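Peer 1: Below are the sequence and a predicted model; questions follow.
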Amino acid sequence: MIEFQHVSFAYEKNRPVLKDLSFTIGKGEAVGLIGANGAGKSTVMKLLLGLLEGEGHVLVDGTEVSRKTLGEIRKKLGFVLQNSDNQMFMPTVYEDMIFGPLNYGLSREETEKRVDEVLETLGIPDLKHRYNHKISGGEKRMAAIATVLAMEPEAVLLDEPTSALDPYNRRIVINTIRQLPQTKLITSHDLDMILDTCERVILLSGGEIVADGAAEEILSNRELLEKHRMELPLSKMGR
C-alpha cells in the first residue's frame with residue numbers, strides 16, 4: 001500500500017533529513033513510525049502526502065506520488081493531524097464531514113448516509129451537529145478521525161493521535177484506532193499507544209531506519225531505544 005524506494009530529503013543542502021530510506025507497508029498493516037525529535041518522522045508523512053518532494057520514489061497503492069498524481073493519491077490517504085483545531089475548520093462536525101465527499105462529487109444522499117455510518121461506527125452520533133468550538137479535546141480528536149473516515153481512504157496516517165488527551169479520551173482513541181480496517185501509519189512518542197495499536201514498528205534515527213520489526217520485540221529493547229534517545233513504554237518498565 002505504501003512504498004519508499006531509496007528516498008532522501010534535505011531541507012538545506014548537505015544536511016539530509018532522510019537518507020536512502022526504503023520500506024514497504026502492506027494493505028491492512030498497522031505500523032508505528034517512531035524516533036526522537038528530528039528523526040524524520042514528519043518528513044516521511046509530508047512526502048507521502050506530496051507536501052514535499054525528495055529524491056527516490058514514494059508510491060501509494062502502486063502510484064508514484066508526484067504533482068500529476070496528487071489528486072489520486074490524496075483520495076487514497078486520510079491524514080489525522082496532531083492538532084485537531086488545524087483540521088476542523090467548519091462550524092460543526094457535520095459540516096466538516098460532508099465537505100470532502102461533496103467536493104469529490106458524491107451525492108448529498110450518499111454523503112449523508114456515509115456520515116451517519118461513520119459516526120455510528122465510532123460511537124459518536126451525538127457529535128453530528130455539535131459546534132467544533134464547544135466540544136472537548138477528546139471529542140474533537142474523534143471528530144477529526146470521523147472526518148477523515150468519511151472520505152473512505154484506503155490508508156490512514158495519524159500524527160500523535162493521543163497527544164494532550166486525558167486518560168479516558170486517550171483510551172477511546174486507542175480503541176478506535178485498533179478497530180480501523182484501513183492500512184495505518186502512526187507517528188507518536190506515546191510508545192504504549194503504539195504497542196496497543198501496531199503489530200510492527202519502524203524506528204528512525206538520524207534519517208535512517210535502525211530497526212524494523214515486531215512492535216513487541218522493538219519496544220521491549222531498552223538498549224536499542226535508549227541508544228536512539230527514547231524510553232521504554234511504561235508498560236515495559238521494571239520488566
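Peer 2: Good, I have the coordinates.

Peer 1: need the contact list for the closest residue to residue 28 other than its chain neighbours.
Peer 2: With sequence-adjacent residues excluded and distances taken as C-beta to C-beta, 6 or more residues apart in numbering, residue 28 is closest to residue 183, at 5.9 Å. To be clear about C-beta, it is placed using only N, CA and C from the backbone, and glycine gets the same treatment. Residue 183 makes contact with 1-2, 25-30, 154-156, according to C-beta atoms under 8 Å, 6 or more residues apart in numbering.

Peer 1: Do a quick rundown of the strands in this protein.
Peer 2: 2-12, 15-25, 30-34, 55-60, 63-64, 77-80, 155-159, 183-187, 200-205, 208-214 (DSSP state E).

Peer 1: In TSV: these, plus distance to residue 110 and mean pLDDT.
Peer 2: Below are the strands of the chain laid out as TSV (distance: least, C-beta to C-beta, whole Å; pLDDT from 0 to 100):
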stretch	distance to residue 110	mean pLDDT
strand 2-12	28	96
strand 15-25	29	95
strand 30-34	28	97
strand 55-60	24	97
strand 63-64	25	96
strand 77-80	18	93
strand 155-159	21	95
strand 183-187	24	97
strand 200-205	35	98
strand 208-214	40	97
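
Peer 1: got the buried residues for stretch 82-91?
Peer 2: 82, 84, 87-88 (16 or more other C-beta atoms under 10 Å).

Peer 1: Which parts of the chain are helices?
Peer 2: According to DSSP state H, the chain carries its helices in the segments 41-48, 70-76, 93-103, 108-122, 137-149, 167-179, 191-197, 215-218, 222-227.
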